[in-house]
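Student: Just to be clear, the model below is a prediction. Sequence and coordinates:
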Amino acid sequence: MISNRIPVYSFKDLERTIQQLPEGTLWRHNQAGDLPSDDKRNIARDRLRNLTAANQGRRGFTYTHFDVVKNKANRAAVREANANGFTVNLSADSLEEADALADTNCGPVTVVVSSDQMTNTHTPAGRTVVICPARVRNDMTCATCGICAAQRKAIIGFPALGPKKAVKL
């Protein structure tokens with residue numbers, strides 16, 4: 001089995017690697033971790049801009065737990081990346097938090113839902129939550145779906161796995 005992971009050793013190396021991807025390539029930034037930061041509270045906007053620029057013509061996406069509700073600088077950085085073609089999904093740990101993130105209107109939202117939630121649902125504010133197609137369809141993977149790379153109104157729900165699976169959300 002061949003891994004689709006490409007090792008990089010510096011941020012500049014990452015930028016070059018992204019720029020070398022064929023036009024239209026769907027790729028994910030970070031399997032674990034978050035956007036670049038110097039203090040773990042604020043997104044390093046300059047590096048996010050570089051990442052966004054390197055992504056031009058490609059379908060890159062990522063997820064963030066950085067505060068965009070109270071932190072206006074983070075909200076602006078995420079909004080700018082999304083407006084310029086690099087999809088930054090706002091990650092919520094509850095349906096209520098998903099509504100708060102959606103209210104910022106700075107990017108698409110994802111949420112962890114109960115491990116037994118395998119059908120589409122709604123947030124308390126009535127927003128549609130579409131359960132991740134790769135989690136409910138055997139013929140679908142992240143690589144063939146691409147919904148998380150799209151700018152969208154629907155919130156994507158990920159049924160809990162691992163330690164969160166035991167927690168009723």
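Tutor: Sure, I can see it. Just so it is clear, the model here is predicted, and its values are computed rather than measured.

Student: And the least confident helix or strand in the chain by mean pLDDT, what does it pack against?
Tutor: Ranking every helix and strand in the chain by mean pLDDT, DSSP states H and E puts helix 142-145 at the bottom, with a mean of 90. Counting contacts by 3 or more C-beta pairs under 8 Å, 6 or more residues apart in numbering; DSSP states H and E, helix 142-145 packs against helix 133-136. C-betas here are computed from N, CA, C, even on glycine.

Student: Now do the strands in the chain.
Tutor: 26-28, 59-64, 87-92, 109-113, 121-122, 128-131, 155-159 (DSSP state E).

Student: how about the CA coordinates for the least confident helix or strand of the chain, as PDB?
Tutor: What follows is helix 142-145, C-alpha atoms only, in PDB (Å, rounded to 0.1, in the frame of the first residue of the first chain):
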ATOM      1  CA  CYS A 142     -12.300  11.800   1.500                       C
ATOM      2  CA  ALA A 143     -10.300  11.600  -1.800                       C
ATOM      3  CA  THR A 144     -13.400  10.900  -3.900                       C
ATOM      4  CA  CYS A 145     -15.800  13.200  -1.900                       C
END
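
Student: List the contacts of Tyr63.
Tutor: Asn30, Asp34, Val88, Asn89, Leu90, Ser91, Thr110, Cys148 (C-beta atoms under 8 Å, 6 or more residues apart in numbering).

Student: In a markdown table: the residues you listed, plus distance to Leu48.
Tutor: What follows is the contacts of Tyr63, written out as a markdown table (distance: C-beta to C-beta, whole Å):
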| residue | distance to Leu48 |
| --- | --- |
| Asn30 | 12 |
| Asp34 | 11 |
| Val88 | 8 |
| Asn89 | 14 |
| Leu90 | 14 |
| Ser91 | 16 |
| Thr110 | 18 |
| Cys148 | 17 |
